[in-house]
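Model the following, please.
(one chain, ligands or ions: 1)
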Amino acid sequence: KPEFTPNVKWPMNCTIGPGLEGAIVCDTKIGYVNGSKGWLIYQGYDIFDLCAYSSFEEVSYLLFHGKLPSKDELVSFKQKLNLYRNIPQTIRQLDSFNIEEMSPMASVRLGSELMRQQLSHRIEEQVQLLYGGISADEDSISMEIEPTGGERATYEFESDEEELVDSCYQCIAGLSSIMGAIVRLRAGHLALEPDPNLGFAANLLYMMSGKKPTPLEERVMDICLILHAEHGINASTFATMVVASTLSDIYSSVGAGIAALSGPLHGGANEEVVKTLEEIKSVDNVKPWYKKLKEENGKVMGFGHRVYKAYDPRARILEPMAKLLVNDKPQMQEMYNIAKSIETEVQEDMGQEQKIFPNVDFYSGIVYKSLGIDSEYYTPIFAVSRISGWTAHVVEYLKKNRIFRPRAIYVGDYLNEFIPIEERE
Ligand code: ACO
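As a prediction, this is how the structure comes out:
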């Protein structure tokens, strides 16, 4: 658990680099990542405390409401999620597609689209545009930009916020049922109905495997869901917010988040990590494998981060969990040892100078594998959790919505002469 020092100030002067590095897109109270200190904070609460004392449901409530729920509030929030887990029509529709031939992430995205068709609440029906046009932040980048002019857009938000938040809850609960159904259907089984007696994490495991989890399995999954729920303006959260800022609906916005998360540089890395560990097979092969990777200028999946230049606190929590879980599983023990050996190699090579440390994706796969989950489902599980952060950010951002519209520095030609197609070489 890190030592916090007060009065952390936002970097008010920033230089924007490729990949929007250094760009500030909004202010937020939802999540804070301090990359140099290795802190992760949700609504003022340290991730270590949330993992130790909280649950995914409580954390989701916190992300939306900015405070921990009272006992009664938590009970009614859980009841709501329980109710919204029941999406039989969406699951039937999903079953009519050949999802065995699609990637699990594409199936999850399809599921969110099917939920939209069934439940659709268009954001534009919930927020009323009073007046549009916007003034550009003239000096934000040092290039010539013609001013766009206009006045700041304002939205009548308060009255509709409750309805939008409710749609978000539907998304969060619905996506976990979709996930359970995808795992079952792809294995040739019938999808299961959610169990109202189980909490979010236990029900997710049950709907995927058909078995009620042990208390340890439930707690491990709960912690994984808490750890993945929120992480500031990462690529998938930003993608979700960009779509929502156009006043598209919440389901389409979530679909964009799922698409962004699926890439190997983002959420897709956890699956790649386990594939790599399986390929390496033994600790003895780590050094030659690493040497070859470096010669080919390859990246070690599960290492490095745009923001963290210290050890990712999520990896700090997942690593001992992985160690604990592989204890009585000899094959998994070797996988864990390979991972530790890779960590040593990378630390010695790039840890100090380049500040490259394990990220959340490095040990999560070992944890999921210990729970008996196939690697193709690790990134979808990430989505089932991160949807809380995605949608909480949408709700917060829409209060002061302004469509995202960055600029590029044009480096192309000017005034080319148009040559008719018959005359072109
Ligand atoms: N392995 C080897 N070298 C790395 C790694 C890595 N995993 N990550 C960064 N580096 C090196 C780069 O080669 C580069 O070196 P150079 O300056 O000599 O060219 C330097 O560190 C900076 O790397 P960038 O890729 O420019 O950093 P960026 O901030 O753009 O990317 C990212 C961050 C995408 C996470 C990167 O570290 C990476 O590709 N990691 C592997 C994939 C991964 O684990 N993704 C999951 C991230 S966590 C998440 O999204 C949930």
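
Name the helix or strand for Asn86, please.
Using DSSP states H and E, Asn86 maps to neither a helix nor a strand.

surely it meets Ser176?
No - using CB atoms under 8 Å, Asn86 makes no contact with Ser176, being 11.4 Å away. Where C-beta positions appear, they are placed from N, C-alpha and C, glycine not excepted.

between these two, who's got more neighbours?
The residue with more neighbours, out of Asn86 and Ser176, is Ser176; 26 against 15, by other CB atoms under 10 Å.

List the contacts of the more buried one.
By CB atoms under 8 Å, 6 or more residues apart in numbering, the contact set of Ser176 is Arg85, Phe200, Asn203, Leu204, Met207, Val384.

what do you get for Gly31?
Leu40, Ile41, Tyr42, Gln43, Leu63, Glu230, His231, Gly232, Gly389.

so what's the nearest residue to the first one once chain neighbours are set aside up against?
In other words, Leu40. Closest residue in space to Leu40, ignoring its immediate chain neighbours: Ile47 at 4.2 Å, by CB to CB, 6 or more residues apart in numbering. For Ile47, the contact set (CB under 8 Å, 6+ apart) comprises Leu40, Ile41, Ile226, Leu227, Pro313, Arg314, Ile317.

per-residue pLDDT, Gly17?
pLDDT, Gly17: 88.

oh, I was asking about Glu163
Predicted confidence (pLDDT) for Glu163: 89.

Report the contact partners of the one residue in the stretch 251-400 of the chain that gets nearest to the ligand.
Across the stretch 251-400 of the chain, the shortest distance to the ligand (CB to the nearest ligand atom) belongs to Gly304, at 2.3 Å. For Gly304, the contact set (CB under 8 Å, 6+ apart) comprises Ile356, Phe357, Asn359.

max-length helix in the chain?
helix 158-186 (DSSP state H).

Could you name the helices and strands sitting against the helix or strand following that one?
Later in the chain than helix 158-186, the nearest helix or strand by DSSP H and E is helix 200-209. The elements that helix 200-209 packs onto, with contact taken as 3 or more CB pairs under 8 Å, 6 or more residues apart in numbering; DSSP states H and E, are helix 56-65, helix 158-186, helix 215-228.

deepest of the ones you listed, which one?
With neighbours defined as mean count of other CB atoms under 10 Å, the helices and strands packed on helix 200-209 peak in mean count at helix 56-65, which reaches a mean of 23.

and that one, C-alpha only, in PDB?
Provided in PDB are the C-alpha atoms of helix 56-65 (Å, rounded to 0.1, in the frame of the first residue of the first chain):
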ATOM      1  CA  PHE A  56     -17.200  -5.100  -7.400                       C
ATOM      2  CA  GLU A  57     -20.800  -4.000  -6.800                       C
ATOM      3  CA  GLU A  58     -19.700  -1.500  -4.100                       C
ATOM      4  CA  VAL A  59     -16.900  -0.200  -6.400                       C
ATOM      5  CA  SER A  60     -19.200   0.200  -9.300                       C
ATOM      6  CA  TYR A  61     -21.600   2.200  -7.100                       C
ATOM      7  CA  LEU A  62     -18.700   4.300  -5.900                       C
ATOM      8  CA  LEU A  63     -17.600   5.100  -9.500                       C
ATOM      9  CA  PHE A  64     -21.000   6.400 -10.400                       C
ATOM     10  CA  HIS A  65     -22.000   8.100  -7.100                       C
END
